[in-house]
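Enquirer: sequence plus predicted model, see below.
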Amino acid sequence: MKIEYTKEWCMRMARLEDDADYPGEIGAGVVARDAKTAPVEATSEANVVFGRFVQLMRRKQGVTLEKLAEEADVEIAELVEIEDDSRHKPEPRTVYQLANHFNVPSTKLMQLAGLSAPKNTRLFDAGIRFAARSESVHTLSETERAALEAFVSVLSDRS
Amino acid sequence: MSVTISPAYLLDAATGEPQAAEVWDAITERQLADFESDWKFALATAIKRLRLAGIERRNWPQTQSSHWDWRHKVDAFNGLLAKPSFSVMCQGRTQGLMIVDSLGRCKLETQKAKPLIYIDYLENAPWNRKELDCDQARITGVGQLLIRAAIELSINEGFAGRIGLHSLPQSNSFYAKTCGMTDLGVDSSKEGLKYFETTPEQSNAFIAKGESL
């Protein structure tokens, strides 16, 4: 369908759009809405382990935050929160999606994220050891890789 | 896929200079590739900047669902005659996207049940949104081109220019004031978004606005 836009019309309307008391926002449609901008709950205690685990798994896969968000079908804004804010309480769907993506049991990842009560202290202890052996740096060192793999084996242990 | 391209112009917000643009009556692989690379990167960078600036998430500008997949949506609608799509190109990349539904019905009392073009989804590129404060050149006028396209399609379909949409909260003033649409209030069945609609007269007035200023 051909539309006859004149240059004058376009310029007048564009100036009107820019002059108006409007921040460049033209979004419409239910799906375009960001359902995640409501205030999010923060945990009372810092949870270094979960954020560190997500970050290292992402770096091990060599993907950016936006790529992981796309592949795991989670909000990039929440991924930023998870990796950067140890007090952020993640949403259950996000943890479930990440567990599927990283191929680890969702029940244990839920415990790690503080969304369900741990059945024993083994996972908690392993998480502490893992966090202590890893750094929030760009390159995944051999030590970090070993720590990550050891922790994934504990996570994946069905016993 | 056969695509008709309509020449148009946008405005470089920094220089005030006109920029040659194109309105495509389709969303093609090219636009989807731009969305997956440029749009997502710009949005991720803006979110990261807000985070590093220590701005709490509840105070962030509304950001569209960043994992929402235009490709998936376009694939789902591909081939459906009732779901035409449009895209705006300028400076070699995609500036705006829109999918519409040609089976909509009016809610305005005076137009009750008459057919209209319902805008399913409409989005601006992240760098064109002031609040996101992206590093890239901001282009203005994308909304006007897409609304005009929806009105022209409505006329073409014999719907006399009637269009309707559910606006995101941050866009309400654009549709009410700049586009002159009627605000029918909050629609609880659509996540509390406000519903806007135009009569044929309002659509004519929108087009005339750019011709008579």
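Expert: That came in fine, so what should we check first?

Enquirer: so which residue is dead centre in the chain?
Expert: Reading this off chain A. What sits nearest the mean C-alpha location of chain A, by C-alpha atoms, centre = their mean, is A:Leu79, with 1.7 Å.

Enquirer: not quite, I wanted chain B
Expert: Most central in chain B (C-alpha atoms, centre = their mean) works out to B:Leu122, at 3.1 Å.

Enquirer: how near is that one to chain A?
Expert: Distance of B:Leu122 to chain A, given as C-beta to the nearest C-beta, to the nearest Å: 4 Å. All C-beta atoms are positioned from the backbone trio N, CA, C, and that covers glycine.

Enquirer: report the contact partners of that residue.
Expert: If a contact means C-beta atoms under 8 Å, 6 or more residues apart in numbering or on different chains, then B:Leu122 has A:Ile26, A:Gly27, A:Ala28, A:Gly29, A:Ala32, B:Gly96, B:Leu97, B:Met98, B:Ile99, B:Gly143, B:Leu146, B:Leu165 as its contacts.

Enquirer: mind listing the strands for chain B?
Expert: Taking DSSP state E to define them, one finds strands in chain B at B:5-12, B:18-24, B:85-90, B:93-105, B:115-124, B:139-140, B:163-167, B:182-187, B:193-197.

Enquirer: so how far is stretch B:22-34 off the chain centroid?
Expert: Centroid separation for stretch B:22-34 versus its chain: 14 Å, with C-alpha atoms, centre = their mean, to the nearest Å.

Enquirer: wait, I meant stretch A:121-132
Expert: 21 Å.

Enquirer: output it as PDB, nothing but the C-alphas.
Expert: Extracted in PDB, the C-alpha atoms of stretch A:121-132 (Å, rounded to 0.1, in the frame of the first residue of the first chain):
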ATOM      1  CA  THR A 121      22.700 -27.700  54.700                       C
ATOM      2  CA  ARG A 122      24.700 -29.500  52.000                       C
ATOM      3  CA  LEU A 123      23.600 -27.200  49.200                       C
ATOM      4  CA  PHE A 124      24.000 -24.100  51.400                       C
ATOM      5  CA  ASP A 125      27.600 -25.200  52.400                       C
ATOM      6  CA  ALA A 126      28.500 -26.000  48.800                       C
ATOM      7  CA  GLY A 127      27.200 -22.600  47.700                       C
ATOM      8  CA  ILE A 128      29.300 -20.800  50.200                       C
ATOM      9  CA  ARG A 129      32.400 -22.600  49.100                       C
ATOM     10  CA  PHE A 130      31.600 -21.900  45.500                       C
ATOM     11  CA  ALA A 131      31.100 -18.200  46.100                       C
ATOM     12  CA  ALA A 132      34.300 -18.000  48.100                       C
END
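
Enquirer: mind listing what's buried along it?
Expert: Neighbour-count burial for stretch A:121-132 flags A:Leu123, A:Ala126, A:Gly127, A:Phe130, A:Ala131 (criterion: 16 or more other C-beta atoms under 10 Å in any protein chain shown).

Enquirer: repeat for stretch B:200-213
Expert: In stretch B:200-213, counting by 16+ other C-beta under 10 Å, buried: B:Pro200, B:Gln202, B:Ser203, B:Phe206, B:Ile207, B:Lys209, B:Gly210.

Enquirer: give the contact list for the third one.
Expert: When contacts are counted by C-beta under 8 Å, 6+ apart, B:Ser203 is found next to B:Ile151, B:Ser154, B:Ile155, B:Ala160, B:Gly161, B:Arg162, B:Ile163.

Enquirer: longest helix in chain B, by residue count?
Expert: The single longest helix within chain B, with elements called by DSSP state H, is helix B:142-156.

Enquirer: return the list of helices and strands in contact with it.
Expert: Identification of packing neighbours for helix B:142-156 by 3 or more C-beta pairs under 8 Å, 6 or more residues apart in numbering or on different chains; DSSP states H and E yields helix A:7-19, strand B:5-12, strand B:18-24, strand B:85-90, strand B:93-105, strand B:115-124, strand B:163-167, helix B:200-212.

Enquirer: just the helices in chain A please.
Expert: Using DSSP H, helices in chain A cover A:7-19, A:48-61, A:65-72, A:76-84, A:92-102, A:106-112, A:122-133, A:142-156.
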